[in-house]
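Engineer: Turn this into a model:
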Amino acid sequence: QVQLVEFGGGLVQPGDSLRLSCTASGRDFSASGMAWWRQEAGAEREVVAAMSGSEPPAIYYTDSVKGRFTISKDNTRNSLYLQMNSLKPEDTAVYYCAARRLEGVALRRGAYDYWGQGTQVTVSS
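Structural biologist: So this is what the prediction gives:
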């Protein structure tokens with residue numbers, strides 16, 4: 001059974017940093033496209049950052065996080081990370097880790113085969 005489990009969410013102040021982790025089990029995702037998505041209350045889920053399973057990986061960031069967030073992967077740990085710096089109140093959302101069976105970067109929600117349960121990130125003073 002494939003599972004993705006996110007860690008690292010919490011309540012922080014504007015300007016602070018957080019590092020989200022996603023640990024996968026049940027399948028090797030070293031050659032898979034993976035991504036972080038987020039969903040604010042009452043809004044559609046949106047892709048935040050995505051990377052392919054190729055080497056070197058292709059990487060995508062949504063415009064609002066470019067220069068602040070960094071997606072990375074540790075294939076030895078079957079884990080995906082999202083370093084979030086200079087956090088803003090508008091970054092508040094539930095963050096989800098997602099993985100594909102295929103290698104490429106994907107920006108459609110339906111392109112992802114596996115999802116974590118989500119972790120809440122709240123940025124507030």
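
Engineer: Can you read off the backbone torsions of residue 36?
Structural biologist: Per-residue torsions, residue 36: phi -110, psi 130 (degrees, to the nearest 10).

Engineer: Okay, the residue nearest the centre of the chain and residue 125: tell me how far apart.
Structural biologist: Ranked by distance to the mean C-alpha position of the chain (Cα atoms, centre = their mean), the top residue is residue 36 at 1.9 Å. Taking Cβ to Cβ, to the nearest Å as the measure, residue 36 falls 24 Å from residue 125. Heads up, the C-betas are built off the backbone N, CA and C, glycines and all.

Engineer: Also residue 15?
Structural biologist: With the distance defined as Cβ to Cβ, residue 15 ends up 9 Å from residue 125.

Engineer: which one of the two has more residues nearby?
Structural biologist: Comparing residue 15 with residue 125 by other Cβ atoms under 10 Å, the one with more neighbours is residue 15, at 11 against 7.

Engineer: Let me see the contact set for the nearest residue to the more buried one once chain neighbours are set aside.
Structural biologist: Computed as Cβ to Cβ, 6 or more residues apart in numbering, the closest residue to residue 15 that is not its neighbour in sequence is residue 86, at 6.0 Å. With contact set as Cβ atoms under 8 Å, 6 or more residues apart in numbering, residue 86 has these partners: 15, 17, 68.
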